[in-house]
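coords please:
(one chain, ligands or ions: 1)
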Amino acid sequence: MIVMVIHKGADSVVLRVKEEFELAATDSSQKKIVVIGAGMVGASTSWHLRKQGAEVILLDRKGVAAGSSWGNAGWLAPALTMPLAESALWGYMAKSILDPNAPLHIPVRLDVKLWNFLLRFITHATDKSWMKTMKQLVPLNKMALPSYDEMIKAGVKAETFPRDFLIAFKNSKDVKGFIHEMDNVRKAGLEVNIEKLDDPQSVIPQLSKNIAEVYALRDQRFIAPGPFVQAIVDSFVKAGGTTEFGKEVADIVDTADGVEVLFTDGSKIAADAAVLATGAWLPKLAKKFGVKEPVQAGRGYSFSVAASPEIKNPVYFPAQRVACTPYQGRFRIAGTMEFLRPDEPLKPKRIRAIINSVKDLFTGLDLEDRQDEWVGSRPVSTDGLALIGATKNPKVFVGGGHGMWGVVLGPVTGKLLSEQVLTGKVAEELEPYNPLR
Ligand SMILES: Cc1cc2nc3c(=O)[nH]c(=O)nc-3n(C[C@H](O)[C@H](O)[C@H](O)COP(=O)(O)OP(=O)(O)OC[C@H]3O[C@@H](n4cnc5c(N)ncnc54)[C@H](O)[C@@H]3O)c2cc1C
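You can find the predicted model right below:
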């Protein structure tokens, strides 16, 4: 795979890998790292670790993008990458319990873990906490799109689509809250460029005339998320990375000279270090390494419909909390947040709730002719920040808990986390994300 030495510096040798990214053969090349979870976070981390010369094995109990990284909305929208808990949550929390069609669904169940999560989550639903978290998100949000470009330039064969995002309101009374939110994103340090559209149907003819106001949010992008993760893994494999799919990791144990990753079938792999990128399943393996922050599955649903003419721009309905994205010639409609366990089956009534909330917002879309119905679990932390970095065992790291934003923040997470795994240095931007907080 490695074919020639092209540069020799004081402490690094740069090697050319066949048509693929340049591999920096520093001390990292001595290290063997196992990454568990082949979603956007695990795939990006593996890619960066390999790029820095490490021997990397990427594991998944199922395969590439088998968790939340497949049917999501695929938005690379730094301006919308904000904390989930906001002061309005207090108002609609009660509605969420009583109304099964509400965009946020909380089951009435005696589930101690869930109620512990909710209690901690709701304490962050204040303006002060929102702004604090938003300011901690901004440095990563700013690096998010360049991190995608870096991967594409270095051989990941997939595209990002820069398009205006259309933010649509059925009732003008809902606009104020959104504009206020965008002002707060600006105050937190991120540029936001929005403009009211006079004729939104000239951009998307299928938008219903029932819609009162539409704004264009500029400078954001989207991707086809599942195929993008696959492209990262393909690039990683082409550069000499290894994958092993179809086996579930049961535990990680410390050994004198590294770690052992134990599978449920009794087999094991020895390595110098392990990275847990297991999405909504993170606490299962991470808890014993001192990661106390709960990560709850915030399950969302999506499906795709045909659109003629093809829809080229994403659409967001903030009041309905529905996100729509062009997806491989079709139109993907995604929404809802239900706090259930990640492995529970898809609930058709949640798909119906999405349809009911958008059916009078489009014309000429057959919402009954659906493909790819899907449920996936956003890994939601209580304070709106992901968990990225070393655990109390310096050979075990975590990257996860990105909630609604693990796709946009996956590559930057992989970049910064891989540096920490290989050098021990914690990037300043990652300090608030300490998994032991
Ligand atoms: C409806 C919806 C819309 C969304 N829209 C967006 C969006 O537009 N933009 C955005 O940025 N984010 C979005 N998200 C959130 C985003 O999908 C997640 O934050 C992101 O996919 C999380 O990635 P991950 O790699 O951490 O986890 P996952 O993609 O869930 O990957 C975890 C992997 O770990 C594997 N695994 C778990 N346990 C084990 C084990 N014990 N052994 C082996 N393997 C294991 C799983 O099989 C899985 O493949 C959306 C989510 C939903 C549900």
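
Which residues of the stretch 51-200 of the chain lie near the ligand?
Residues of the stretch 51-200 of the chain that fall close to the ligand, judged by C-beta under 6 Å from any ligand atom: 59-62, 66-69, 72-75. Quick note: C-beta positions are derived from backbone N, CA and C, even for glycine.

Restricted to strands, list those.
Counting by DSSP state E, the part of these found in strands is 59-60, 75.

For beta bridges, what are the partners of the nearest residue in space to Ile354 that is not next to it in sequence?
With sequence-adjacent residues excluded and distances taken as C-beta to C-beta, 6 or more residues apart in numbering, Ile354 is closest to Gly335, at 4.6 Å. Beta bridges link Gly335 to Tyr301, Val322 when assigned by DSSP bridges.

Against Ala43, how distant is whichever residue of the stretch 51-200 of the chain sits closest to the ligand?
Residue nearest to the ligand within the stretch 51-200 of the chain: Gly67 (2.3 Å; C-beta to the nearest ligand atom). Distance, Gly67 to Ala43, using C-beta to C-beta, to the nearest Å: 11 Å.

The two: which is more packed in?
Between Gly67 and Ala43, counted using other C-beta atoms under 10 Å, the more crowded position is Ala43 (34 against 28).

ok, and the closest non-adjacent residue to the residue of the stretch 51-200 of the chain closest to the ligand?
Residue nearest to Gly67 in three dimensions, not counting chain neighbours: Gly279, with 4.5 Å by C-beta to C-beta, 6+ apart.

and stretch 315-330, average pLDDT?
The average pLDDT within stretch 315-330 is 97.

isn't there a helix covering Ile122?
Yes. With DSSP: H, G, I helix; E, B strand; the rest coil as the criterion, Ile122 is part of a helix.

Begin at 29, not 1, for the rest of this chat.
Got it, the first residue is 29 from now on, which makes the last one we talked about Ile150.

show me what contacts it?
113, 117-118, 121 (C-beta atoms under 8 Å, 6 or more residues apart in numbering).

can you do 10 Å?
113, 117-118, 121, 410 (C-beta atoms under 10 Å, 6 or more residues apart in numbering).

returning to what we had before: where do the contact lists of Gly95 and Ala71 overlap?
Taking C-beta under 10 Å, 6+ apart as the contact rule, Gly95 and Ala71 both touch 65, 88, 257, 305.

Between the two ends of stretch 139-158, what distance do you get?
Across stretch 139-158, the terminal residues are separated by 27 Å (C-alpha to C-alpha, to the nearest Å).

So which bits of that stretch are buried?
142, 145-146, 148-149, 152-153, 157-158 (16 or more other C-beta atoms under 10 Å).

Please, where are all the strands along the stretch 279-428 of the chain?
Along the stretch 279-428 of the chain, counting by DSSP state E, counting those that start in this stretch, strands occupy 286-291, 296-299, 301-304, 323-333, 343-345, 350-355, 358-367, 399-409, 415-418, 424-428.

Now those strands in a markdown table, please, with extra columns for mean neighbour count and distance to the ligand.
As requested, those are exported to a markdown table (neighbours: other C-beta atoms under 10 Å; distance: least, C-beta to the nearest ligand atom, whole Å):
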| stretch | mean neighbour count | distance to the ligand |
| --- | --- | --- |
| strand 286-291 | 18 | 8 |
| strand 296-299 | 16 | 12 |
| strand 301-304 | 27 | 8 |
| strand 323-333 | 25 | 3 |
| strand 343-345 | 23 | 10 |
| strand 350-355 | 25 | 6 |
| strand 358-367 | 23 | 4 |
| strand 399-409 | 21 | 4 |
| strand 415-418 | 25 | 10 |
| strand 424-428 | 29 | 5 |
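
would you turn those strands into CSV with distance to Asp202?
What follows is those, written out as CSV (distance: least, C-beta to C-beta, whole Å):
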stretch, distance to Asp202
strand 286-291, 48
strand 296-299, 50
strand 301-304, 39
strand 323-333, 21
strand 343-345, 9
strand 350-355, 13
strand 358-367, 16
strand 399-409, 23
strand 415-418, 33
strand 424-428, 32
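
just to revisit the earlier point, and the pLDDT for the residue of the stretch 79-228 of the chain closest to the ligand?
Gly95 carries a pLDDT value of 98.

Quick one: residues contacting it.
Residues in contact with Gly95 (C-beta under 10 Å, 6+ apart) are 65-70, 88-89, 257, 305-309, 325, 370, 404-407, 434.

redo that, cut-off 8 Å
Counting by C-beta under 8 Å, 6+ apart, Gly95 has contacts 65, 67, 306-309, 370, 404-405.

Now tabulate those in CSV and tack on pLDDT.
Listed next are these as CSV, based on pLDDT from 0 to 100:
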residue, pLDDT
Gly65, 98
Gly67, 98
Thr306, 98
Gly307, 98
Ala308, 98
Trp309, 98
Pro370, 96
Gly404, 98
Ser405, 98
